[in-house]
Structures are given as C-alpha cells and as structure tokens.
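Engineer: Mind folding the following:
(2 chains)
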2 protein chains.
Amino acid sequence: MSAALPPFPKPQEALDAPELLQVGSGAEVDEPCLRADAARNRARLLDAAGRLAAEHGAAALTMEGVAAAASVGKGTVFRRFGDRTGLLAALLDHSERKFQAAILSGPPPLGPGAPPVERLRAFGCALLRRSIDELDLLLAGEPSAERRHTFPPRRFLRSHVALLLREAVPDADTELLSHTLMAYLDAALLHHLTEQCGLPPERVRAGWLDLVARVTRTDPPA
Amino acid sequence: MSAALPPFPKPQEALDAPELLQVGSGAEVDEPCLRADAARNRARLLDAAGRLAAEHGAAALTMEGVAAAASVGKGTVFRRFGDRTGLLAALLDHSERKFQAAILSGPPPLGPGAPPVERLRAFGCALLRRSIDELDLLLAGEPSAERRHTFPPRRFLRSHVALLLREAVPDADTELLSHTLMAYLDAALLHHLTEQCGLPPERVRAGWLDLVARVTRTDPPA
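Structural biologist: Numbers count the residues shown, from 1 in each chain, chains lettered A, B, ... in the order given. Sure thing, here's the model as predicted:
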C-alpha cells in the first residue's frame, strides 16, 4: 500500500469552484421582480409554513394549513408555489439562502474573519442545528443517489468546507476530506443518530468538534 | 464550546452488537434446504448474473439475459428469483456473504489476526474495490433515507468498523467515527467521485488510507 497522494488534477479542482447562492429549487428565480407587497406576502407564507413544519413535521404540511396559518386564501398559496412540492422546495430554498448569507457575510466564526478551523467548527454546529430542526423537510426533499452530490445547495456547502480545509491543511487531499466532513452532516445520518438511535444532539455536536480536530490534526477546542 | 465527550449510554451501545451474516434480501433463507444440484444451479445463475452486471451494468440486467448466459430456460430463472428485483437482491446478497466471510474468517489483514488500524485500511480498500465493481447494483438497491442506516448489511459492516476503532482508539466516540468512515465508502459518494468527477480509484483509495490515519491519529502506511 502506498501512502503517497497523487497530485490534484486541475480539471477536478475546477469542479470545486464555490457556487455562490446557487440554490436548488429555482422557486425564487423571479424574486427580484416581485413587487414589494408580493414579496412580503411570500415571506409571510414561508414563515408560516416554516413554523408549521417545525411544529408538526413536513409530512403534515398542506397548502390549506399554510393558508390558514398565514390568514390568506388557499388560492394565494397555490398561485405562489404551484403545489405542495413547490412549497417544500421554496421552504428549503428560503432556509438555504439565509444560511448561505450567514456564511458569506454574517458575523464570525460562521461568517468571514475567524481562523479556518474555528470556522469549520462553527459551520458544522450551525448546520447540525439547522438540519435537526428541518430534518423532515430535508428527508422529504432528498435528491436521488445520482443527484445527491451535484445538488447545488450541497455543492455550495461542500465547496465552503473544501475552501476552509485548504487553508487549514494545505497539504491534504482537501477535496476528499471535505466530502467526509459533509457526510457527517448528512440528513439521513442525522435522522438515524438522533431519531433511530436516540443520541442527544449535544453528543452529535461533540462528535463534529472531535472529527474536525482529527481531520485537521489539531487539538479539540478547550 | 465544550470538547468533553458525554459518556456512551448503554442502550445505544447495545444497538451496535455485530449482526453477523444478517444479509438483507432474505432471498437465501431456504438455502440450507436446497438440494445439491439446485444449489449448484443457483450459484451458476448468480455467477452469470454477476458477470453480466459487471460487464453491462445492473440497469441492463434481464431475466432472459441471465437465462441465456447460464444456458438454462427462462422459467428456471423466474422460479429461482421470482422477478428482476429478487434477482438483484440475491446478487447483492451473494456478494455481501462472500465479503462478510472474508472479514470473519478470511486471511489477514481483511480477516482476523492483524492490528486494528491495518485491518481498517484493508477493509476500506477491499470494500472500495467491491463497491466500484458493483456500483450500478448498489445504487439500484439503495435503501430509502429512513432505512439506509438500519439496513442489515450496512449495520454489519459499520459494527465491524466500530469494533476495530474501539481497539485502535479506545478513548474516542467510536460509534460516531465509525459512521464517518463508512460514509466515505458510500455508493452514492463513490459514484459521484469516480463517475461524475472522474477521480481515479487509486486516489479514492489513497484518500481512505489518509482518512484512517487522521481518524486514528496514526501515521499513514509507509
């Protein structure tokens, strides 16, 4: 067995350019054109849908329920999102955008301005918190095996991890290590750990801090 | 942020008892009762199906094709496997059993008798080789997100990794680390790396050796 890492071929590195704000659903492509009241209406619907999903699970989310919770007519919800699948996609997209904004321009250590290992720790802890909150939604919208790793929101997050790893461990195969770190934050695994095995989120969070330390060969945070 | 790992609760540890030879499809439950010629016939069919799947991909596998390749009537293949889904399940099951036998009683370092880190290295390299060969089949048979981590063949392999990790890094949260190592060997990720990104298998293999070294805080093999 040889331990020597092959050189990193350029074409694969090119695949890794961060894809900023390429969110997945396409449900918001017309957002810049929305009139202010329509945009407010849309945000109110998504906030209502997000609250319902967090309280009762995404499986129980209906167009009628969202309309009632936001005090609008059912037709408004259908006009805005098309159908239930469109609503779920818009909901994930909305949360994805907020998370991407926090990474790109929010306060450190999730946002820029902290050392890379500290940003990696904060990234995983924030994503774990968000994913555990939205587990139902993430599982319902999980792409097929063939699309799972090319799905734009995932590519954005994975590229961010690869970028931080290149700063933290420049001599490592950071492409492959970034997939390993992202895999720990996978929704199906989190579902298994927290719901099927009953592990407390705090233990999963400690596991993330430990994994970052091992992967970067640093000490865990004091 | 606290780095202290919570104690490992007993109930979760119990989930982790190795599940020997719990293979997934149930397609072989009557195997001990097969007469010798029926067992030979079955093995011949599975060998033929395995060759066809390796050459043309699992998507192209048909009951008729297997019958022709094994020089038997189509009825024999249907009687033995029920339908195409049954055939695919039996094929994975067959390969799973061979792999489990190699781990439990084959020669070291994949089998017993080598130090744990060496066994981890050998395990991943062997599973990578097998999974890349059977990628089509694994993707076609991938369990849903909810069943992915409770699927018996995966539980067996994950328990094996956890067992080796407990020997190699007894003070770590080996339950969580075993999920991380298994995630690197996931079929959907391997499909992405080797087929969608064009990474050579040798680089993926080197990435495994590097990951084992980081996770166990050891040196990569010389």
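
Engineer: all contacts plus neighbour counts: C-alpha atoms, from now on.
Structural biologist: OK.

Engineer: Centroid-nearest residue for chain A?
Structural biologist: Nearest to the mean C-alpha position of chain A, by CA atoms, centre = their mean, lies residue A:96 at 5.7 Å.

Engineer: Need the per-residue pLDDT for it.
Structural biologist: Per-residue pLDDT puts residue A:96 at 91.

Engineer: any idea how far stretch A:110-117 is from the chain center?
Structural biologist: 18 Å (CA atoms, centre = their mean, to the nearest Å).

Engineer: scratch that, stretch A:65-77 is what I was asking about
Structural biologist: Relative to the centre of its chain, stretch A:65-77 is centred 27 Å away, using CA atoms, centre = their mean.

Engineer: Which is the succeeding secondary structure element to the helix-or-strand element of chain A with minimal mean pLDDT?
Structural biologist: Least confident helix or strand of chain A, by mean pLDDT, DSSP states H and E, is helix A:10-14 with a mean of 35. Using DSSP states H and E, the helix or strand that directly follows helix A:10-14 along the chain is helix A:36-56.

Engineer: Let me see the contact set for residue A:114.
Structural biologist: Listed by CA atoms under 8 Å, 6 or more residues apart in numbering or on different chains, the contact partners of residue A:114 are residue A:108.

Engineer: That one: what secondary structure?
Structural biologist: The three-state label given to residue A:114 by DSSP: H, G, I helix; E, B strand; the rest coil is coil.

Engineer: Please tell me how far it sits from residue A:220.
Structural biologist: According to CA to CA, to the nearest Å, residue A:114 and residue A:220 sit 16 Å apart.

Engineer: What of residue A:122?
Structural biologist: In terms of CA to CA, residue A:122 sits 13 Å off from residue A:220.

Engineer: Also residue A:129?
Structural biologist: Taking CA to CA, one finds residue A:129 at 20 Å from residue A:220.

Engineer: Please apply the same query to residue A:160.
Structural biologist: As judged by CA to CA, residue A:160 and residue A:220 stand 21 Å apart.

Engineer: you'd agree residue A:216 is up against residue A:169?
Structural biologist: Yes. Contact criterion CA atoms under 8 Å: residue A:216 and residue A:169 qualify, at 6.1 Å.

Engineer: So the two - more neighbours on which side?
Structural biologist: Shown here are residue A:216 and residue A:169; by other CA atoms under 10 Å in any protein chain shown, residue A:216 has more neighbours (19 against 16).

Engineer: more crowded one of residue A:129 and residue A:220?
Structural biologist: Regarding residue A:129 and residue A:220, a neighbour count based on other CA under 10 Å identifies residue A:220 as having more, with 19 against 15.

Engineer: quick one, what contacts the more buried one?
Structural biologist: A:209, A:210, A:212, A:213, B:3.

Engineer: which sections of chain A are below the confidence cut-off?
Structural biologist: A:1-34 (pLDDT under 70).

Engineer: just the helices in it please.
Structural biologist: In chain A, the helices defined using DSSP state H lie at A:10-14, A:36-56, A:63-69, A:74-81, A:84-105, A:116-133, A:135-140, A:152-168, A:174-184, A:187-190, A:201-215.

Engineer: Residue A:185 reaches residue A:124, doesn't it?
Structural biologist: Yes. Counting by CA under 8 Å, residue A:185 touches residue A:124, with 7.1 Å between them.
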